[in-house]
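Peer 1: Sequence and predicted structure, then a few things I'm wondering about:
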Amino acid sequence: MQKTKKLTQEDKERIAGLYKYGLSIKKIAQACDLSKGTVIRAIKSTVGLRTAEERFWLKVEKWSDGCENFIGATDKDGYGRASYRGKPIPAHRLAWQLRHGEIPEGMCVLHTCNRPNCVADEHLYLGTRADNQKYMVEQGRSSSGRKRRRLTPEAVVAIRKLKSEGVSRGTLAACYEVSRKTIDDLLAGRTWRNIEA
Ligand SMILES: [Zn+2]
């Protein structure tokens with residue numbers, strides 16, 4: 001049952017703390033048994049609501065393999081699906097834009113790491129559509145769907161390390177563009193036995 005009780009300053013600060021910690025308004029409302037409107041008012045009167053930019057970066061996770069992964073939804077090709085000021089935009093393009101300003105007309109934001117949902121600044125560069133096509137052909141990708149990738153020994157070591165750091169199997173499968181079974185097998189040591197973590 002949601003209550004519309006009056007909050008004390010202490011309640012408001014507690015809510016602000018949860019919000020700053022990264023919890024969504026919905027989660028806070030559920031946890032505190034309050035309406036979303038009450039939670040929003042408490043946040044507005046204390047720390048203020050997050051900007052669209054802050055909300056975006058909250059969905060980015062830095063991994064020890066050097067990539068910064070957008071952990072929100074992805075499209076069929078593995079690109080992060082973000083939105084900004086009410087418009088949908090691929091996460092890597094938004095990340096580039098937030099750091100460097102508008103993307104020049106007709107240019108693509110390309111990856112050096114071949115991980116579509118990565119938004120690490122060092123892994124992104126501007127290129128033409130022709131560069132993008134050439135790159136995708138080289139990597140065995142096409143714009144009409146993604147191909148399963150083969151893992152490298154370096155990737156296997158990184159995956160085992162990331163798992164020990166708490167990254168889920170599903171996320172690893174999505175980020176390395178392999179099946180869940182491939183991840184299960186290498187973590188269980190059924191494959192890649194010769195590679196030590
Ligand atoms: Zn990357």
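Peer 2: Nice, thanks for sending it over.
Peer 1: what's the nearest residue to residue 94 if we skip its chain neighbours?
Peer 2: Leaving aside its chain neighbours, residue 94 sits nearest to residue 82 (4.8 Å; criterion: C-beta to C-beta, 6 or more residues apart in numbering). Just so you know, the C-beta spots here come from the backbone N, C-alpha and C atoms, and that holds for glycine as well.
Peer 1: List the residues that contact the one you found.
Peer 2: 56, 59, 70, 72, 88, 89, 90, 91, 94 (C-beta atoms under 8 Å, 6 or more residues apart in numbering).
Peer 1: could I get those residues as JSON lines with secondary structure?
Peer 2: Shown next, in JSON lines, are those (DSSP: H, G, I helix; E, B strand; the rest coil):
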{"residue": "56", "secondary structure": "helix"}
{"residue": "59", "secondary structure": "coil"}
{"residue": "70", "secondary structure": "strand"}
{"residue": "72", "secondary structure": "coil"}
{"residue": "88", "secondary structure": "strand"}
{"residue": "89", "secondary structure": "strand"}
{"residue": "90", "secondary structure": "strand"}
{"residue": "91", "secondary structure": "helix"}
{"residue": "94", "secondary structure": "helix"}
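Peer 1: Now for those residues: which two are most distant?
Peer 2: Pairwise distances across these (C-beta to C-beta) peak at 14.1 Å, for the pair 59 and 88.
Peer 1: Leaving out sequence neighbours, find the closest residue to the residue nearest the centre of the chain.
Peer 2: When C-alpha atoms, centre = their mean is applied to the chain, the residue found nearest the centroid is residue 70 (1.5 Å). Setting aside the residues directly before and after it, residue 70 is nearest to residue 80 in space (C-beta to C-beta, 6+ apart), at 3.2 Å.
Peer 1: on that earlier part again, would you mark the buried spots in whichever strand or helix holds the residue nearest to residue 94?
Peer 2: For residue 82, the element it lies in under DSSP states H and E is strand 81-84. For strand 81-84, the neighbour count (16 or more other C-beta atoms under 10 Å) marks 82, 84 as buried.
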